[in-house]
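J.: Here is my input; please provide its structure:
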Amino acid sequence: MSTTLEQDLETFIRDELAPGRAIGTIEPGDDLLARGIIDSLGIMQLVEFLETSYGIEVGPDDLLPANFRDLRAIEAFVAGRRNGTPC
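T.: Numbers count the residues shown, from 1 in each chain. As a prediction, this is how the structure comes out:
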């Protein structure tokens, strides 16, 4: 069974960016920034994960809260980048 991008994101965020904080499931619409699940350093780690795992390039103009607010926004951002669409 293959995992979805959303599942990969949730696992990465929970295991790498928020270890030890007893965060259970992250719902697709949970505001990662407002809930304090990820911070500015976490965004940079997430960007590195996305670039490495999905072969996309994230430029300085892409570092907008709207692109990283929740799992759905991140998934849409990655899909846009993979299709060559600017976000």
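
J.: Could you tell me how far the residue nearest the centre of the chain is located from Gly29?
T.: Against the mean C-alpha coordinate of the chain, by C-alpha atoms, centre = their mean, the closest residue is Ile74 at 4.7 Å. Computed as C-beta to C-beta, to the nearest Å, the Ile74 to Gly29 distance reads 12 Å. C-betas here are computed from N, CA, C, even on glycine.

J.: Equivalent analysis for Gly84, please.
T.: With C-beta to C-beta as the criterion, Gly84 and Gly29 are 26 Å apart.

J.: Those two: who's more crowded?
T.: Taking neighbours as other C-beta atoms under 10 Å, Gly84 and Gly29 compare with Gly29 leading, 10 against 7.

J.: on that earlier part again, which positions in the helix or strand the residue nearest to the centre of the chain falls within come out as buried?
T.: Using DSSP states H and E, Ile74 sits within helix 71-82. Of the residues in helix 71-82, those buried under the neighbour-count criterion (16 or more other C-beta atoms under 10 Å) are Leu71, Ala73, Ile74, Glu75, Ala76, Phe77, Val78, Arg81.

J.: Just give me how far that helix sits from the chain centre.
T.: Mean-position distance between helix 71-82 and its chain equals 8 Å (C-alpha atoms, centre = their mean, to the nearest Å).
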